[in-house]
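Participant: When you get a sec, could you give me coordinates for this:
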Amino acid sequence: MQRSLLIRTLTILLLGCASINTQADQILTGNGDQLTGFISHMDSGQITISTNHSGSVSVQRTNIQSLILERNVRIKLKDGQVIEGKLQSIRDGVTLIDTTAGDSLELESLDQVSYLYYLSPINKEWDVSGSIHVAIDLEREEDGDESEEWDITLSNSITYKQFRNNMLIEFERDKNKDVTTDEELLFEGSLDYFLDSNTFLSAMYRHEEDDFENLHRRRVYGFGIGNQPWQAPFQKLSYGLDLVHLQEEYDEGQNINENGLEFRIYYREETVISNLFFLQDHKYLKLESGDQRIDTKSALEYGLPYNIGLSLNYKWNYNDAPEAGNRKITNNLTFGVSYKW
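Facilitator: Here you go, the predicted model:
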């Protein structure tokens, strides 16, 4: 009897401890449904929650009666104030925020919150994200010739604690009169180690191949330091400086081996139009010979349901010492479709 009572007591205590450590978020909707799981972020239109039984679920903010966030998040109010803490929305409309500084802030309603998100990788050991993007450029020349350019890009990022691995594979094919005139393959990878939540050390490697051009192969590898002031579903900024070594192999002519400095910057932010993002991605390479190379990409991305996006992309490239037959400046405009995870 006593043994049975002891087993039941230990079971209750273990379950109680498990429930305390689970720290599940809770949403109560207007029709009485209760969702329990992990709230990844909230914007002006909806909240996304990952549940064990239904997967990822999106709930419109207008259909939320109350919610409780058990873990600390970064919250931005509509007046521009940014707070870190836990959020509790009570059914009568009052919203309470218990900040990490130990203060308590009371809001009139949940509508005063512009958006919120969890900081990764601070609150999660593992974080996986990526996308596949397909873009096409169709042109008709003055003489009536039609040309097309396809660009397929696969990117993926895996974060584990202080480590982050980034990978990008890009394939381009140009056709003119149904004849392939160019094929390019690009692989780019990096390994980052975060010294804190923003600053990281980085080692990178980039490999390019082109079987249709005199420049057959290009390799760039190096190491440096970077900073990530913003990392959120609605706003991201990352920049860094690398000491790199460049190797270029030509089918005809002398190969090139040079050292240099590469500055890179990536910026993405939601515009005044919900789900419409503006993106800038730039690389500037300065070689010891004095040559300069610039690769830039600007895009407008519009997010659709089911993680599908539409984008208008503009690429601009500059090389002040191009190989024979190539221009210093090249640019193109493409329309693309993407899927993110």
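Participant: secondary structure class for Thr62?
Facilitator: For Thr62, the secondary-structure state derived from DSSP: H, G, I helix; E, B strand; the rest coil is helix.
Participant: Tell me how many other residues crowd it.
Facilitator: A total of 9 residues lie near Thr62 under the criterion other C-beta atoms under 10 Å. Just so you know, the C-beta spots here come from the backbone N, C-alpha and C atoms, and that holds for glycine as well.
Participant: List the strands paired with the strand or helix carrying Ala299, with their directions.
Facilitator: Here Ala299, judged by DSSP states H and E, is contained in strand 292-303. Sheet partners assigned to strand 292-303 using DSSP bridges are listed as strand 276-287 (antiparallel), strand 308-319 (antiparallel).
Participant: possible to save those strands as JSON lines with mean pLDDT, mean neighbour count and distance to Lys76?
Facilitator: As requested, those are arranged in JSON lines below (pLDDT from 0 to 100; neighbours: other C-beta atoms under 10 Å; distance: least, C-beta to C-beta, whole Å):
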{"stretch": "strand 276-287", "mean pLDDT": "94", "mean neighbour count": "16", "distance to Lys76": "16"}
{"stretch": "strand 308-319", "mean pLDDT": "93", "mean neighbour count": "16", "distance to Lys76": "23"}
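Participant: Isn't Val57 up against Ile49?
Facilitator: Yes. The pair Val57 and Ile49 qualifies as a contact (C-beta atoms under 8 Å) at a distance of 5.5 Å.
Participant: shared neighbours of these two, anything?
Facilitator: Counting by C-beta atoms under 8 Å, 6 or more residues apart in numbering, the residues touching both Val57 and Ile49 are 35, 37.
Participant: more crowded one of those two?
Facilitator: Applying other C-beta under 10 Å to Val57 and Ile49 shows that Ile49 carries more neighbours, namely 24 against 16.
Participant: For Thr271, give me its contacts.
Facilitator: Applying C-beta under 8 Å, 6+ apart as the definition, the contact partners of Thr271 turn out to be 277-278.
Participant: Distance check, it against Phe234.
Facilitator: According to C-beta to C-beta, to the nearest Å, Thr271 and Phe234 sit 10 Å apart.
Participant: now swap in Leu107 and tell me
Facilitator: Leu107 is 19 Å from Phe234, where distance means C-beta to C-beta.
Participant: for Leu300, same thing?
Facilitator: When distance is defined by C-beta to C-beta, Leu300 is 15 Å away from Phe234.
Participant: element containing Gln88, please.
Facilitator: Taking DSSP H and E as the definition, one finds Gln88 inside strand 82-89.
Participant: Buried residues in that strand, which are they?
Facilitator: Buried positions in strand 82-89, judged by neighbour count with 16 or more other C-beta atoms under 10 Å: 83, 85-87, 89.
Participant: low-confidence ranges in the stretch 101-250 of the chain?
Facilitator: The model of the stretch 101-250 of the chain has pLDDT under 70 over residues 119-125, 139-145.
Participant: in it, which spans are strands?
Facilitator: Listed in chain order, the strands found in the stretch 101-250 of the chain under DSSP state E, counting those that start in this stretch are 104-107, 113-117, 126-140, 146-160, 163-176, 179-194, 199-210, 215-231, 235-250.
Participant: which other helices and strands contact the fourth one?
Facilitator: The reference is to strand 146-160. If contacts are counted by 3 or more C-beta pairs under 8 Å, 6 or more residues apart in numbering; DSSP states H and E, strand 146-160 sits against strand 126-140, strand 163-176, strand 329-340.
Participant: So which of Leu300 and Phe234 has more stuff around it?
Facilitator: Taking other C-beta under 10 Å, Leu300 and Phe234 do not tie; Phe234 has more neighbours (19 against 15).
Participant: List the contacts of that one.
Facilitator: Under the criterion of C-beta under 8 Å, 6+ apart, the contact partners of Phe234 comprise 41, 43, 115, 117, 269-270.
Participant: Equivalent analysis for Gln46, please.
Facilitator: Residues counted as contacts of Gln46 (C-beta under 8 Å, 6+ apart) are 58-61.
Participant: Return the member of the residues you listed nearest to Phe171.
Facilitator: Checking the contacts of Gln46 against Phe171 by C-beta to C-beta gives Ser58 as the nearest, at 32.4 Å.
Participant: That closest one: which element?
Facilitator: Short version: Ser58 belongs to strand 55-60, going by DSSP H and E.
Participant: ok, that strand: who's next to it in the sheet?
Facilitator: Partner strands and pairing direction for strand 55-60 (DSSP bridges) are strand 46-51 (antiparallel).
Participant: And the average pLDDT for the strand it pairs with is what?
Facilitator: When pLDDT is averaged along strand 46-51, the result is 80.
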